[in-house]
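In: Pasted the sequence and its predicted model underneath.
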Amino acid sequence: MCGISGWVSYTRDLTTSRALVDAMGRTLDCRGPDDSGSWVRGPAGLAHTRLAVIDLEGGRQPMLADLDDDTVVLTYSGEVYNYREVRDQLRRRGHTFTTRSDTEVVLRGFLEWGAGVATRLNGMFAFAVWDTRPRELTLVRDRLGIKPLYYRPTGDGVLFASEPKAILAHPLGEPVVDVEGLHRMLAYAVTVPGVIWRGMHEVPPGSTVVVRPSGTSTHGYWDLGEAVADAGPRPRLRTAVGVVGDLLDDTIQRQLVADVPRSVLLSGGLDSGALTAIAAEGLGRGGERLQTYTVDFVGYDESFVSDAERADPDGPFVRDVVAHVDCDHRDLVLHAEELADPALRRAVVDAYDVPPGSGDRDRSLYLLFRSIREHSLVTLSGEGADELFAGYHWCHDPTVLRGAGFPWITALFDSYGLPREALAPDVAPMVDLERHLADEFAKAAAAVELRDDESESERAVRVMSHLSMTRHLRVLLDRKDRLSMALGLEVRVPYCDHRLVEYVYALPWSLKSFDGREKSLLRRAVADRLPASVRARAKSAFPSLRDHRYLAALGGQASDLAADADHAVFELIDRSWLYRAARRPPAGLDPVRHTLEWVLNLAVWLELRRPVLKLT
């Protein structure tokens, strides 16, 4: 895993501007602490920071291929899990290799198939290729958008990077947030993705962006809807269960390939339990014992109170899985004081491009990643399972499914609300978050391809599934990427393997929920590998701290911020609201706590990013 960045300027010779290219790359040092490099020639400059996971001695970047009077340069981030198979194909076509890295496979694959190489890769990746003869830059992103990639057109070319902060490090980056950017910032707090910086774009998942002297064009090479269009007859339940089990086995074994220690994030739920059991089997065949990690809080089990998100604490189920598979397990037990530390908030906010909206969950995950990084460089996580196998309660709520809005926002509004209520009086009239969300929903729902043989209720579920995979999941993947890569840790997500996604997404709802429970298909596919307690456990959200000491610290920090007369946050936030919220002791997971966390994050984010606000 790495950080990539670069600059193409068709009217300049960038050899005199290498310092700018290098400065962009340095902002991504945390993504690649093991090595760095840059390549600058003529109108192009590419930079790279490396986290070495495969072929530790080889694979340095940017990587070059010289072809007669042409040079092709690659800067690449991610992992290609089938790189050995693709390398064998390329050897049969006459290519030779000097390293064991997947990087060289991607480069040689581009020479052979152009941007079409992406369709042959199984993995998570984002890369840029500069071809000197046609003077073309090609940006490529994996199918589900697991790895991030951003770009900003300039007057004579483009800036690109793994994270916006690298683009903003360039004078042409222009750190401007307008009203539309503010809408996207507020929407991110309720998990709808979007780039907030004016003039900046994401390379869409499953797409390539080609930059030429004549302009920029975007081309999709993969679309989730094609899985429905290409689906054959509805399979029997036994067949579907078998295919899901086989795909999971193959995917997890592929994603265990690394030249560094590997581990699994274990929560005690069905998703992570299945990953743990299958990974432990795979490593066990080679005589290696799997490492697993869980986050917990001091006194959490003893003081636990169930709510709509969590029926029970994780601890007992984690212990059942550990005993069942005999893994090398570590619990990270956190104190309220640790999570309330302003320095921790600052580190976590700095990892993001927008003020994050998950409160202490972001910070506990960051600390968990930091702990894992001391022992393991690669860890597997269960992101995507709930979206793919319908694990959330809103997937089974007819009222939510019939609604004309993002289902997770509809279902969780009472718990989380929207941060609009805290906006300053002169800013609030500019904001119409409901319209923004309605427009985004209409655009997203219109892109869903439906099967002709589906009923009206099945079509509603299809739309929900598509939105979950293409919107909700992208925010979770972004969160995982930013918090892990801020610490130089690679997180792999087996449930996002595109083969598994295509197969399960295309299946009818009757198979995904054949017994009326959430994740029925996954539960049946892994039943014989898990202890009975975990097989039967219902979906449980990532834990959030309820400790009164943490809530008191939250109120104290809000009071201190409200008393800071000159803070930039009051260009956006109503000071009187903040005073009231600080004096009102926040409850466990109520909307006030959620918004208060977001406002404190916003204040830190403004200090770090110093955006230019143009809201009129």
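Out: Perfect, thanks for sending it.
In: Next, the residue nearest in space to the middle of the chain: phi, psi?
Out: Centroid check for the chain by C-alpha atoms, centre = their mean gives residue 477 as the closest residue, at 1.6 Å. Dihedral angles of residue 477 (phi, psi; degrees, to the nearest 10) stand at phi -70, psi -40.
In: and the gap between it and residue 343?
Out: 26 Å (C-beta to C-beta, to the nearest Å). In this view, the C-beta of every residue, glycine as well, is placed from N, C-alpha and C.
In: Show the residue spans covered by the strands in the stretch 201-350 of the chain.
Out: For the stretch 201-350 of the chain, applying DSSP state E, counting those that start in this stretch gives strands covering 201-202, 207-212, 215-220, 262-265, 291-297, 328-334.
In: Then the stretch 451-600 of the chain?
Out: Remark: strands assigned in the stretch 451-600 of the chain by DSSP E, counting those that start in this stretch are 490-492.
In: Same question for the helix or strand encompassing residue 399: list its buried residues.
Out: Secondary structure from DSSP states H and E places residue 399 in helix 398-401. Across helix 398-401, burial judged by 16 or more other C-beta atoms under 10 Å covers 400-401.
In: per-residue confidence averaged over that helix?
Out: Helix 398-401 comes out with an average pLDDT of 87.
In: Please apply the same query to stretch 256-273.
Out: Mean predicted lDDT for stretch 256-273 stands at 92.
In: Now that stretch: buried residues?
Out: Residues of stretch 256-273 classed as buried by neighbour count (16+ other C-beta under 10 Å): 256-257, 262-273.
In: got it, and stretch 12-20?
Out: Those would be 14, 17, 20, for stretch 12-20 by 16+ other C-beta under 10 Å.
In: Report the backbone C-alpha coordinates of it in CSV.
Out: Presented in CSV, the C-alpha positions along stretch 12-20 are these (Å, rounded to 0.1, in the frame of the first residue of the first chain):
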residue,chain,number,x,y,z
ARG,A,12,5.7,23.7,-19.0
ASP,A,13,8.9,21.9,-18.5
LEU,A,14,8.5,20.5,-15.0
THR,A,15,12.2,19.6,-14.6
THR,A,16,12.5,23.1,-13.0
SER,A,17,9.6,22.4,-10.7
ARG,A,18,10.6,19.1,-9.1
ALA,A,19,10.4,20.7,-5.7
LEU,A,20,6.6,21.1,-6.1
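In: which among the buried residues of stretch 12-20 gets closest to residue 28?
Out: Among the buried residues of stretch 12-20, residue 20 lies closest to residue 28 (C-beta to C-beta), at 14.3 Å.
In: For that closest one, which non-adjacent residue is closest in space?
Out: residue 170 (6.0 Å; C-beta to C-beta, 6 or more residues apart in numbering).
In: what separates the one you found from residue 412, distance-wise?
Out: Distance of residue 170 to residue 412, computed by C-beta to C-beta: 38 Å.
In: Just give the nearest non-adjacent residue to residue 3, would you?
Out: residue 28 (2.9 Å).
In: Next: residue 15.
Out: Per C-beta to C-beta, 6+ apart, closest to residue 15 is residue 40, 5.5 Å.
In: what about that neighbour, how many neighbours?
Out: Counted with other C-beta atoms under 10 Å, the neighbours of residue 40 add up to 23.
In: list the contacts for residue 492?
Out: 79, 124, 255, 378-381 (C-beta atoms under 8 Å, 6 or more residues apart in numbering).
In: State the pLDDT value of it.
Out: 97.
In: What separation do you get for it and residue 351?
Out: Looking at residue 492 against residue 351, where the rule is C-beta to C-beta, the gap reads 19 Å.
In: cool, residue 216 as well?
Out: 28 Å.
In: Show me which of these two is the more surrounded one.
Out: residue 351 (21 against 15).
In: for the chain, what are the low-confidence residue spans?
Out: 1, 52, 54-56, 58, 413-418, 585-589 (pLDDT under 70).
In: what's the domain layout of it?
Out: Domain assignment for the chain by automatic domain parsing gives 2-220, 225-536, 548-614.
In: For the ones you listed, could you give me JSON lines that also reports distance to residue 542?
Out: Converted to JSON lines, the domains of the chain look like this (distance: least, C-beta to C-beta, whole Å):
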{"stretch": "domain 2-220", "distance to residue 542": "13"}
{"stretch": "domain 225-536", "distance to residue 542": "5"}
{"stretch": "domain 548-614", "distance to residue 542": "12"}
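In: Can you tell me which of the contacts of residue 492 is closest to residue 396?
Out: For these, the nearest to residue 396 is residue 381 (24.0 Å; C-beta to C-beta).
In: who's in contact with the closest one?
Out: Applying C-beta under 8 Å, 6+ apart to residue 381 gives the contacts 264-265, 272, 275, 480, 491-493.
In: try 7 Å
Out: Residue 381 sits next to 265, 480, 491, 493 when contact means C-beta atoms under 7 Å, 6 or more residues apart in numbering.
In: Mind putting these into JSON lines with distance to residue 607?
Out: As requested, those are exported to JSON lines (distance: C-beta to C-beta, whole Å):
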{"residue": "265", "distance to residue 607": "31"}
{"residue": "480", "distance to residue 607": "25"}
{"residue": "491", "distance to residue 607": "28"}
{"residue": "493", "distance to residue 607": "32"}
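In: the helices in the stretch 251-400 of the chain, which residues?
Out: Ranges of helices in the stretch 251-400 of the chain, per DSSP state H, counting those that start in this stretch, are 270-284, 300-303, 315-325, 336-340, 342-351, 360-373, 385-389, 398-401.
In: Of those, which stretch is the most buried?
Out: helix 385-389 (a mean of 26; mean count of other C-beta atoms under 10 Å).
In: just checking, what packs against it?
Out: Packing partners of helix 385-389 (3 or more C-beta pairs under 7 Å, 6 or more residues apart in numbering; DSSP states H and E): helix 498-506, helix 520-525.
In: Kindly compare burial across those helices and name the winner.
Out: Highest mean neighbour count among these (mean count of other C-beta under 10 Å): helix 520-525, a mean of 22.
In: any idea how far it is from the chain center?
Out: Relative to its parent chain, helix 520-525 has a centroid offset of 25 Å by C-alpha atoms, centre = their mean, to the nearest Å.
In: just stretch 537-547 next, same as before
Out: With C-alpha atoms, centre = their mean, you get 20 Å for stretch 537-547.
In: How about it, which residues are buried there?
Out: For stretch 537-547, by 16+ other C-beta under 10 Å, it's 537, 539-540, 542-547.
In: which residues are in contact with it?
Out: Residues contacting stretch 537-547 (C-beta under 7 Å, 6+ apart): 269-270, 297, 300, 309-312, 314, 317, 336, 339, 359-361, 386, 391-392, 518, 588-589.
In: List the buried residues for stretch 16-36?
Out: So stretch 16-36, judged by 16+ other C-beta under 10 Å, has buried residues 17, 20-28, 30-32, 36.
In: ignore the last one, stretch 231-246
Out: Neighbour counts over stretch 231-246 (16+ other C-beta under 10 Å) mark 231, 235, 237, 240-241, 243-245 as buried.
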